[in-house]
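Fold the following and give me the result.
(2 chains)
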Number of protein chains: 2
Amino acid sequence: MPGEGEGKAATLVKADNVRDLFDSVDLFLFDCDGVIWKGDKLIDRVTETLHLLRSKGKKLVFVTNNSRKSRRQYAAKFQSLGLSVNEDEIFSSSFAAAMFLKVNDFPPHKKVYVIGEEGILDEMQLAGFTALGGPEDGKKHVELKSNNLFEHDKSVGAVVVGLDQYINYYKLQYGTLCIRENPGCLFIATNRDAVGHMTDLQEWPGFCSFLFSSDNFQCFLNYIRLNYSPFVQLRNKLGTWVAGAGCMVAAICGSTQKEPIVVGKPSTFMMDFLLQKYNISTSKICMVGDRLDTDILFGQNAGCKTLLVLSGVTTLSALQDPANDIQPDYFTDKVSDLLELLGP
Amino acid sequence: MPGEGEGKAATLVKADNVRDLFDSVDLFLFDCDGVIWKGDKLIDRVTETLHLLRSKGKKLVFVTNNSRKSRRQYAAKFQSLGLSVNEDEIFSSSFAAAMFLKVNDFPPHKKVYVIGEEGILDEMQLAGFTALGGPEDGKKHVELKSNNLFEHDKSVGAVVVGLDQYINYYKLQYGTLCIRENPGCLFIATNRDAVGHMTDLQEWPGFCSFLFSSDNFQCFLNYIRLNYSPFVQLRNKLGTWVAGAGCMVAAICGSTQKEPIVVGKPSTFMMDFLLQKYNISTSKICMVGDRLDTDILFGQNAGCKTLLVLSGVTTLSALQDPANDIQPDYFTDKVSDLLELLGP
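From the prediction side, this is the model:
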């Protein structure tokens, strides 16, 4: 039976078991890239599927580690793709950072210094916090010269670090000083993904949400070899890898010699927050994702049901590879398979 | 007896033991900040002392972790302070990076990508290597947009990372891609000092070469409390801390998930290189420094004699504090004490 043991091979969702899954779940938690969309294109019949789930009274939540956009900006993206998704249903790591401060009673008179982009600043403001830094500090410069005194705001009580394409020495220096000098200053990372993919992990079909780490690199190469040819041609395309939030986070670790509080996946903060917000037990949640090592593991760690879709980075052969020890409860090609199986 | 055990309390250099030290040493290895100079000022009677040592046939070598300058630029600094020091006698971490490539037969047709400043580029060129990046890439920008292909040079065989006040996303991205994609590409760090001090660690008497880490932070605070008052006034001045090379190095660790080869102190690479160059045994070398946890440890680890001078960051009380377990063989106020004791 699904859910009994994580070591058990995943079950293909079929007409005779789709009800077991559907009826036992009150909330579907969706990863976005490779599940809902690929780059700027919606995956086949996602709109109708989400509509069906809603019509059956299921709650929907969308989770992403990408901190560059705020929930509002993500809602606009959903809108632009013709999906009616409420801001309230979106959990980006930018929002998670703001919520972390909120639930930990971050004093309103303290400020937040942001090494990151618009999404984090937006979320901080929406949560009622005063945020400094971000894109605005992208043009500032530190002169390493005699008698230069680098001033920083002593009322900064948290430094939030995410992916920042305008990272510079000024911001690193500012964040470092706040964490080192301001008593009790928090160091929060939206996520620690080492690298991502150019264009917000958006434009490469099949690679949309593939984040590389030493652990999954070989698996990634195998994936390319299995799924694309000629391999050599594709090596050029790998140039679209981009340094991820993990790069900026590590820089601050390096200069402060401190470890951050991580609020994005695979940290359980977002899940804990969701459980409280929806007052729901994890056994009533199904995490739907295209990645074994983040989405499925994130769901399993929390005790959720898990459904792998093969519309993203994971192939059937990768799932069934004897070397793979992460088995979701269920798997299917794409979310709209639920639509087909459950009927209108 | 000095040198017999590192746990033994350091011996003050006096008239009756200065000969033991002097006669047994062929090469004096000097840290610069807090030993030779403080900021832009020479420490009392250093010129005459170095002259005496030379006249007695001693070899002199100057070692610094600072990668922002090349040996040539350091020689110019010595010159400007009235000291006649040859480039050959200077071992900066920028030079060490070039020498690491040299002794490891780095192929001349391969290129070196530099995240760092002029000093590293200079040393690479002097060693006959083709270097890219550095200050020139400080104004470049990566646009994280659809269909942007970030091109990098496939012939880059090493990425060298040091302190870079013009660090940006372009450089981080470039270095990341080289290390991740170019087969066998080396990742070299000049040093991993977490933070340094504004103005090349130069302008603050007594703090000149004090580099902070979680290990020595408390010791630093105690140092301030003991040596300066009022403490509160000084907290403002702490704003002159600057994120060190460790910050940039960690960023690349974060995005590549790899650890660098470190060539500066406390790595033994410089020492090994010196031993070979001078064909000398470590027992014939005396490391002279003002810091227990870098200079003295560096010397001790290599099996050198060690002499602590109190003209830099370490006070007598810090040396004699029961909590301090790094004991040099000898200690004295400043290098010119040798001059007084040995006579003209």
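
Is it correct that A:I90 is in contact with A:K77?
No - using CB atoms under 8 Å as the test, A:I90 is too far from A:K77 to be in contact (9.5 Å). The way it works is simple: take the backbone N, C-alpha and C, and place the C-beta from them, glycine included.

Compare the two and say which is more crowded by neighbours.
Neighbours were counted for A:I90 and for A:K77 using other CB atoms under 10 Å in any protein chain shown; A:I90 has more, 24 against 18.

Check the more buried one and give its pLDDT.
pLDDT recorded at A:I90 is 96.

Repeat that for A:A158.
pLDDT, read off for A:A158, is 98.

Could you confirm it falls within a strand?
Yes - when DSSP: H, G, I helix; E, B strand; the rest coil is applied, A:A158 is found to be in a strand.

which one is it nearest to, not counting chain neighbours?
A:L186 (4.0 Å; CB to CB, 6 or more residues apart in numbering or on different chains).

confidence score at A:L29?
Here, the pLDDT recorded for A:L29 equals 96.

heading toward the C-terminus, what's the first helix or strand past the helix or strand where it lies?
If you go by DSSP states H and E, A:L29 is part of strand A:27-31. Counting by DSSP H and E, the element after strand A:27-31 in chain order, helix or strand, is strand A:37-38.

Quick check: next helix or strand after that following strand?
strand A:41-42.

The residue nearest to A:A158: how many residues sit nearby?
Neighbour number of A:L186 under other CB under 10 Å is 21.

ok, now how distant is it from chain B?
17 Å (CB to the nearest CB, to the nearest Å).

try A:F106
For A:F106, the distance to chain B equals 23 Å [CB to the nearest CB].

ok but A:A131 is inside a strand, no?
Yes - assessed with three-state DSSP, A:A131 lies in a strand.

Identify the residues contacting it.
Counting by CB atoms under 8 Å, 6 or more residues apart in numbering or on different chains, A:A131 makes contact with A:K111, A:V112, A:Y113, A:V114, A:I120, A:L121, A:M124, A:Q125.

swap the cut-off to 10 Å and go again
A:98, A:111-114, A:116, A:120-125, A:156, A:158, A:160 (CB atoms under 10 Å, 6 or more residues apart in numbering or on different chains).

Now for A:I90 and A:K77: what residues contact both?
Joint contacts of A:I90 and A:K77 (CB under 10 Å, 6+ apart) are A:C32, A:K69.

helix or strand for A:T306, which one?
Applying DSSP H and E, one finds A:T306 within strand A:305-309.

Could you spell out the sheet neighbours of that strand, each with its direction?
Neighbouring strands of strand A:305-309 in its sheet, by DSSP bridges, are strand A:285-289 (parallel), strand A:330-332 (parallel).

I'd like the next helix or strand past the first one.
Put plainly, it is strand A:285-289. Where DSSP H and E defines the elements, the next helix or strand beyond strand A:285-289 is helix A:297-302.

pLDDT of that following helix, averaged?
So the average pLDDT for helix A:297-302 ends up being 90.

Whether it contacts chain B - can you check?
No - residues of helix A:297-302 contacting chain B under CB under 10 Å from any CB of the partner chain: none, with a closest distance of 17.5 Å.

Tell me which other helices or strands that helix touches.
The contact analysis (3 or more CB pairs under 10 Å, 6 or more residues apart in numbering or on different chains; DSSP states H and E) places helix A:297-302 against strand A:27-31, helix A:269-278, strand A:285-289, strand A:305-309.

what is the rounded mean pLDDT of stretch A:334-342?
Stretch A:334-342 shows a mean pLDDT of 95.

which stretches of the stretch 151-300 of chain A have low pLDDT?
Across the stretch 151-300 of chain A, the ranges flagged by pLDDT under 70 are A:195-241.

how about the helices of it, start to end?
A:169-181, A:198-201, A:217-227, A:231-237, A:245-256, A:269-278, A:297-302 (DSSP state H, counting those that start in this stretch).

Three-state assignment for the closest residue in space to A:E118 that isn't next to it in sequence, please.
Excluding its sequence neighbours, the residue lying closest to A:E118 (CB to CB, 6+ apart) is A:P135, at 6.4 Å. Three-state call for A:P135 (three-state DSSP): helix.

Spit out the contact partners of A:V18.
A:V18 neighbours (CB under 10 Å, 6+ apart): A:Y330, A:T332, A:D337, A:L338, A:E340, A:L341, A:L342, A:G343.

and of the residues you listed, the nearest to B:F298?
Nearest to B:F298 among the contacts of A:V18 is A:Y330, at 57.7 Å by CB to CB.

who's in contact with that closest one?
Per CB under 10 Å, 6+ apart, neighbours of A:Y330: A:2-3, A:10-14, A:17-18, A:20-21, A:286, A:288, A:305-309.

Just the buried subset of those, written out for ChimeraX, thanks.
Filtering those down to the buried ones (16 or more other CB atoms under 10 Å in any protein chain shown) takes a single ChimeraX command:
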select /A:2,3,10,11,13,18,20,21,286,288,305,306,307,308,309
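
returning to what we had before: pLDDT (mean, whole number) over the helix or strand just after the strand holding A:T306?
Counting by DSSP H and E, the element after strand A:305-309 in chain order, helix or strand, is helix A:316-320. Here helix A:316-320 scores 93 as its mean pLDDT.

Helix A:316-320 - contacts with which helices or strands?
helix A:217-227, strand A:330-332.

contacting residues for the most centrally placed residue in chain A?
Central residue of chain A (CA atoms, centre = their mean): A:N65, 1.7 Å from the mean position. Going by CB under 10 Å, 6+ apart, A:N65 touches A:31-33, A:91-94, A:96, A:162-163, A:190-193, A:196, A:201, A:209, A:211, A:244-245, A:262-267, A:270, A:294, A:298.

Distance check, it against A:T294.
A:N65 is 8 Å from A:T294, where distance means CB to CB, to the nearest Å.

do the same with A:R19
A:R19 sits at a distance of 28 Å from A:T294 (criterion: CB to CB).

what about the two, which has more around it?
A:T294 (24 against 11).

closest point of the stretch 101-250 of chain A to chain B, which residue?
The stretch 101-250 of chain A approaches chain B most closely through A:A250 (2.5 Å), counting by CB to the nearest CB.

my read: that residue touches B:K258, true?
No - counting by CB atoms under 10 Å, A:A250 does not reach B:K258; the two are 11.3 Å apart.

hang on, isn't A:D44 packed against A:I36?
No - with contact defined as CB under 10 Å, A:D44 does not count as touching A:I36 (11.1 Å).

Next, show the common contact partners of these two.
A:S311, A:V335.

Which one's more surrounded, those two?
A:I36 (27 against 15).

residue contacts, the more buried one?
A:30, A:42-43, A:46-47, A:49-50, A:62, A:64, A:77-78, A:81, A:83, A:85, A:288, A:290, A:309, A:311-312, A:335.

Of those residues, select the buried ones using a PyMOL command.
Applying 16+ other CB under 10 Å to the contacts of A:I36, the buried members can be selected in PyMOL as follows:
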select buried, chain A and resi 30+43+46+47+49+50+62+64+77+78+81+83+85+288+290+309+311+312+335
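
hang on, the earlier thing: mark which of the contacts of A:V18 are part of strands, please.
Among the contacts of A:V18, the members found in strands (DSSP state E) are A:Y330, A:T332.

Quick check: the farthest pair among the contacts of A:V18?
Going by CB to CB, the pair spanning these furthest: A:Y330 and A:G343, at 18.0 Å.
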